[in-house]
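Colleague: Structure, please.
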Amino acid sequence: MKIELCLPDDRKVEYINHISNYLMRTQKECNTNINHRYFQITNEYLNEIRLCLGEIIFPDANEESIKSFSGDSKALKYLNITEAYRLIRYQYSRYSQHKQSYTDGVYSSFIAEILRYMHRNIEKSISILDAGSGPSRLAYELSSIFTNSKIDLIDYSIFNLFFAWKLICSGEDVRIPYRIFRDIWEVGEDYSDTEVMTITSKANNNIFFKVNDLNDIQWDNEDGFYDLIVSNHALNLTVNPKRVSEKLIDVTRQDGFILISDLLGWKENRPISRRDFPDGAEMLNYFKLNKRVRVVDYFSGGPYLEEVSAERYNFYKNHLIILQKR
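Modeller: Numbers count the residues shown, from 1 in each chain. Alright, predicted model coming up:
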C-alpha cells in the first residue's frame, strides 16, 4: 500500500516526528502487556504501519516532538490507533460477526442519495473525493459501485487511512479489538475484558490515500477535478467549516455534486469558532446564499448511536445537504 503525505514540508516533519513518537510509546506499552490480546493485535498493526511508512519514520523521534507539534488539538485526537478502532467499530459493525449496526441509518441514506444523483455514472470513469474520510465506510461501499472510478481519501490520521486500506483493499479480514463495557471492571487471567470484531474486507484497487489537513489544504489545481465530493462527520472538526466548504467547491467540476453530512447537537459545548453551522438552518441558509452552488436537497434524520455503557447509548440526529456546483 502507499499513503501519500501531502502536508507542507515544515508540518510534514512535525507530523512524522509525532507519529514516530506515538509508535515508540505505544509499542513499549504493547510489549509490557504482550500476553493481552488487545495489545497483541495492536502491536501487529503498529509493525505493519512501520513497514508501510518505511524510511520516512524518523529513528531519532523524541518525547519533546509531541510538545512542539502545531497540529490542531481536535485533529490530534484522531492520531491514535485506539480512536481508529472506535470509528471502525461504529462504522463497520454490520459487516462483522456481530451483524450489529450503530450508524447504518446514516450510511445507508448517504449512499442512497449518492445513487439518486450519480446512478448514470456508475459505469463511467469519474473522480470521487472523501474529504475527512476516517476509515471510510463510504469508500467501502462506493469502491464496489463505481468500479471504474478513482476515489481519493483525504484524512489527517494515518491510522484511519491505514485501516481504510486494510478494509477496502487488502482482501484480508480485519480484526478490531475493543474493551467490553462491564458494570464491574475486573480483568481476569483470560483477559475477557476485550472482544475482537472480525470484519470482512474487500480487495478493490481504485482507492488512493492522502494525509492532509482540510484546514490548510492546498490543491494542485483549483479548476475543479472531482465529479463527486462526500464529507461525512468531518466538517465540524475543522477550525473554519465555511472556509473548508469553499475549498471543496473549488475542486468540484461544474455540475458536480457535493454531499455533506454532520451530527446535530453533539458539539454544543464547543467554542463558537467551531460552530459555524450550529444547526441545520444555519448550514442550509449559508449554502442557499452561496452563488457558487445550488442546494439540491436537505434533510435530517438518520440516527447515530454511541455506546456509553452496557445499558446506555447516546443518540444523535444526522443531517445531510446535497449541493451541485453551478
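
Colleague: what about dumping the CA coordinates of the longest helix along the chain to CSV?
Modeller: Secondary structure of the chain per DSSP state H: the longest helix is helix 9-32. Output in CSV follows, covering the C-alpha atoms of helix 9-32 (Å, rounded to 0.1, in the frame of the first residue of the first chain):
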residue,chain,number,x,y,z
ASP,A,9,7.3,20.3,4.3
ASP,A,10,7.6,22.1,7.7
ARG,A,11,4.4,20.4,9.0
LYS,A,12,5.4,17.1,7.5
VAL,A,13,8.5,17.0,9.7
GLU,A,14,6.4,17.7,12.8
TYR,A,15,3.8,15.2,11.8
ILE,A,16,6.3,12.4,11.2
ASN,A,17,8.0,13.1,14.5
HIS,A,18,4.7,13.0,16.3
ILE,A,19,3.7,9.7,14.7
SER,A,20,7.2,8.2,15.3
ASN,A,21,7.0,9.2,19.0
TYR,A,22,3.5,7.8,19.3
LEU,A,23,4.6,4.5,17.7
MET,A,24,7.5,4.1,20.1
ARG,A,25,5.5,4.9,23.2
THR,A,26,2.6,2.6,22.2
GLN,A,27,4.8,-0.3,21.2
LYS,A,28,6.5,-0.1,24.6
GLU,A,29,3.1,-0.4,26.2
CYS,A,30,2.2,-3.3,23.9
ASN,A,31,5.5,-5.1,24.8
THR,A,32,4.8,-4.6,28.5
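
Colleague: Summarise which helices and strands it is packed against.
Modeller: strand 3-5, helix 37-53 (3 or more CB pairs under 8 Å, 6 or more residues apart in numbering; DSSP states H and E). Yep, even glycine has a C-beta here, placed from its N, CA and C like the rest.

Colleague: Which among the ones you listed is found nearest to residue 216?
Modeller: Checking the helices and strands packed on helix 9-32 against residue 216 by CB to CB gives strand 3-5 as the closest, at 13.8 Å.

Colleague: Tell me which other helices or strands the closest one touches.
Modeller: helix 9-32, helix 158-168, strand 207-211.

Colleague: go with 10 Å
Modeller: helix 9-32, helix 37-53, strand 150-155, helix 158-168, strand 207-211 (3 or more CB pairs under 10 Å, 6 or more residues apart in numbering; DSSP states H and E).

Colleague: Now do the third one: distance to the chain's middle.
Modeller: Centroid separation between strand 150-155 and its chain, computed with CA atoms, centre = their mean, to the nearest Å, is 10 Å.

Colleague: Name the strands paired with it and say parallel or antiparallel.
Modeller: strand 127-131 (parallel), strand 207-211 (parallel) (DSSP bridges).
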